[in-house]
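Participant: Okay, here's the prediction I keep looking at, along with the sequence it came from:
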Amino acid sequence: MDVPGIGARETFSDKEVFAPSRSGGSPCSLCKGSRNLCGKPICPLMVKFYSHMTTRRLIDSLDLAGSCPPGVFVGRYGYPKVDIGPLVPPVYGDTAIMDTPEQWVGKSIQEITDFRFGLVRGKFRADVKEFQKAGKVVDYTRELALAVNPLDVEVSFEKKPSGKIVLDDEIQPFGPSGRVAKLDISNPKYDHKMEKAYYDTDLKAAEAVKHLYKEGVLISRIQKAFSVGSFGIGKNRKLVPTRWSITAIDDILGRNILERTKTYPLINEFRVYDWDQLDNRWCVMFLPCSWRYELIEAWYPDTAWNPMGKQVEIISSHEFYEGRKDYAEIGGCYYAARLAVNEVLSQERRQAGAVIFREAHPGYIMPVGVWNVRENVRAALKEKPSTFSTLEQAMAHVGQRMEITVSRWTRASAIVRDFVQQRRIDDFA
C-alpha cells in the first residue's frame, strides 16, 4: 500500500515545516497552560494574552444580582480545600445559553467571549470531602447545579469582584471573581432525573452518570452536578474540580459506549467527515478495522497555544483495541472527541477505527474549552461523509482539505502507520 510518508525518502516544502512537541519543539501546545511544563508558575502565553485585553469590573459594588444560567464552578488550587460557587451575570432573563456549550456550535469567538466574560464567579472555600458541612453557600451552589432553568441570584462579596478573565483549554472562560459573603437564590425547579439520582445515595456515581446520559440529560449539565458532589454513595460523595469533572464524564461515557462498539460488525468503507468552525479545520476519518483511535492536532503560529512560534506544532494521542492506561498527552480533548466518535458508531451499531485530524489556524486566538472539540466533532459526524475504497484515497481527500500534507499527517499518526505496516487478523473479520 503506497501511502506518502511510508517507506520512501521524504522531502519538505515550506508547507511541511514541523516541530513535534515531544521531541524538541515548544511544550506549549502540549501543556496548554495547565501543566507548567516550562517550569514557570504562571503561563507566559496567558500573561501575554491578558496584557492585550481590556479588563474592567463588571460591577462596582459588593453586591451582584442576576439570573444564573445556572452555572457553577469548582476550582482545583489548594486541593483538597477548593473554591466553589456560582457563575452569575449582572443581568436578568433567560441566560441559559451562557453556560450551555451544546448551543455554541456556529457561534463566533466574539459571541462566545461576550457572554462568557459577563459571568462573575463567586468563591467560597470548602473541603472536598466535608463540603456537606460547609453551609448555605455550598448548599445553594449544589441546588443551582441541579436546577433546570436560570435562577435569580443575589450575591454579596467580601470585596468587589476583580481579577483576570479565566482562560483554559479544558474549561469554558469566565470573568472576574470575588469571595462570597452571602448567597441567596430563588426557588429552584429541579431536573427530576438528576434530582432522583441525587437522592439515591446507594447509586454509584458512574452509574448515575450513565443513566442520566441515557435519559437524554445534556453532558454539560451532568458535569456540573457531578462536580458539586450530587452523585455517588452517600458517604463517598465529594466535590470534583470542574476541570477534572469535564474529562471524567467524557471518559466514563466514552468507555461505556465503547464496550458496545467493540461488539459490532466493522464498517466496509473508508469515510471522511469534513467540518470547519472557529478557524479550526476538521477531518474525521473512519477506517474499516477493529477499534483504534487517535486525535492529532496541528497548531499554527499565532494560534492560542502557539502564539509566538514560527513553525506548526503537531501533537497526538492514540489507543489501540485494548485502550490506554495512562492519561492522554493531548489532554481532555482526547476523551471528548472519543465520546463523540463512539456515539455515532453506537447509533449505527458498527465498529471502526477513527483518526481525527485537526488544524487550528490563526483565527483561533484563544482557548474556549473542551466542549469545542466534543461539539464540533459531533457536528462533523452529522455531515454526509465522503467514502473511499482505499486508505490512499481517503488520505488524499484529507490532504486536499488540509494545509498539512498527507506525508506529514502520516508520519504524525500511529494509527495510519500501523494500518499500513501491520495488518492484523481481526482487520479481516
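Facilitator: Noted; the coordinates are in hand. Numbers count the residues shown, from 1 in each chain.

Participant: which ones are touching the spatially closest residue to residue 269 that is not a sequence neighbour?
Facilitator: Nearest non-adjacent residue to residue 269, counting by CB to CB, 6 or more residues apart in numbering: residue 387, 4.8 Å away. (Each C-beta comes from the backbone N, C-alpha and C, glycine too.) The contact partners of residue 387, taken as CB atoms under 8 Å, 6 or more residues apart in numbering, are 269-271.

Participant: Backbone dihedrals for residue 387, both of them.
Facilitator: Phi and psi for residue 387, reported as degrees, to the nearest 10, are phi -120, psi 150.

Participant: what sits opposite it in the beta ladder?
Facilitator: Taking DSSP bridges, one obtains residue 271 as the residues bridged to residue 387.

Participant: gap between residue 401 and residue 357?
Facilitator: From residue 401 over to residue 357 the distance is 8 Å, taken as CB to CB, to the nearest Å.

Participant: The nearest residue to residue 301 once chain neighbours are set aside: which element?
Facilitator: Spatial nearest neighbour of residue 301, excluding adjacent residues (CB to CB, 6+ apart): residue 309 at 4.7 Å. Taking DSSP states H and E as the definition, residue 309 sits outside all helices and strands.

Participant: overlap in contacts of residue 401 and residue 357?
Facilitator: residue 283.

Participant: Name all residues that make contact with the residue nearest to residue 191 when sequence neighbours are not counted.
Facilitator: Nearest residue to residue 191, sequence neighbours excluded (CB to CB, 6+ apart): residue 148, at 4.4 Å. Taking CB under 8 Å, 6+ apart, we find residue 148 in contact with 189-191.

Participant: Now list the buried members of these.
Facilitator: Among those, those classed as buried by 16 or more other CB atoms under 10 Å are residue 191.

Participant: The contacts of residue 148 in helices, which ones?
Facilitator: If you go by DSSP state H, the contacts of residue 148 have nothing in helices.

Participant: count of neighbours near the closest residue to residue 163 other than its chain neighbours?
Facilitator: Distance criterion CB to CB, 6+ apart; nearest residue to residue 163, sequence neighbours excluded, is residue 176 at 4.9 Å. Residue 176 has 20 neighbours, counted by other CB atoms under 10 Å.

Participant: and residue 176, backbone torsions?
Facilitator: With angles defined as degrees, to the nearest 10, residue 176 sits at phi -60, psi 170.

Participant: did I read that right, residue 87 in a helix?
Facilitator: No - assessed with DSSP: H, G, I helix; E, B strand; the rest coil, residue 87 is strand; it does not lie in a helix.

Participant: Return the residues in contact with the closest residue to it other than its chain neighbours.
Facilitator: The shortest distance from residue 87 to any non-neighbouring residue, by CB to CB, 6+ apart, is to residue 71 (3.4 Å). Neighbouring residues of residue 71 by CB under 8 Å, 6+ apart: 86-88, 98-99, 119, 144, 174, 224.

Participant: List only buried entries from the contacts of residue 387.
Facilitator: Buried members of the contacts of residue 387, counted by 16+ other CB under 10 Å: 270-271.

Participant: so which of the contacts of residue 387 would you say is closest to residue 336?
Facilitator: Comparing those against residue 336 with CB to CB places residue 271 closest, at 20.2 Å.

Participant: Was I right to think the closest one contacts residue 283?
Facilitator: No - between residue 271 and residue 283 there is no contact under CB atoms under 8 Å: 10.3 Å.

Participant: picking up where we left off before, what distance do you get for the residue nearest to residue 269 to residue 284?
Facilitator: Remark: distance between residue 387 and residue 284 (CB to CB) = 13 Å.

Participant: Repeat that for residue 409.
Facilitator: 13 Å.

Participant: Now the common contact residues for these two.
Facilitator: Between them, residue 409 and residue 284 share the contacting residues residue 357, judged by CB under 8 Å, 6+ apart.

Participant: Can you show me the strands along this protein?
Facilitator: For the chain, the strands defined by DSSP state E cover 63-68, 72-74, 81-88, 120-127, 151-157, 177-185, 270-277, 280-287, 292-299, 313-319, 353-360, 386-388.

Participant: now the last one: how far from the chain's centre is it?
Facilitator: To tie it back to what came earlier, the one meant is strand 386-388. 28 Å (CA atoms, centre = their mean, to the nearest Å).

Participant: for the closest residue to residue 359 other than its chain neighbours, what are its contacts?
Facilitator: Distances taken as CB to CB, 6+ apart put residue 281 closest to residue 359, at 4.3 Å, once the chain neighbours are dropped. When contacts are counted by CB under 8 Å, 6+ apart, residue 281 touches 275, 358-359, 361, 401-403.

Participant: biggest helix in this structure, by residue count?
Facilitator: Max-length helix for the chain by DSSP H is helix 242-261.

Participant: can you pull the buried residues of it?
Facilitator: 242-258, 261.

Participant: One more: stretch 273-288?
Facilitator: Residues 273-275, 277-288 are the ones in stretch 273-288 that count as buried (16+ other CB under 10 Å).

Participant: what about it, how long is it end to end?
Facilitator: Stretch 273-288 has an end-to-end distance of 15 Å (CA to CA, to the nearest Å).

Participant: swap in stretch 294-309?
Facilitator: For stretch 294-309, the end-to-end distance is 25 Å (CA to CA).

Participant: Kindly report the same for stretch 342-354.
Facilitator: From its first residue to its last, stretch 342-354 covers 9 Å (CA to CA).

Participant: again, but for stretch 402-411
Facilitator: Using CA to CA, the two ends of stretch 402-411 sit 15 Å apart.

Participant: buried sites along that stretch?
Facilitator: Across stretch 402-411, burial judged by 16+ other CB under 10 Å covers 402, 404-411.

Participant: And for residue 152, nearest residue in space, chain neighbours not counted?
Facilitator: residue 186 (4.3 Å).

Participant: if I pick that neighbour, what's in contact with it?
Facilitator: Counting by CB under 8 Å, 6+ apart, residue 186 makes contact with 151-153.
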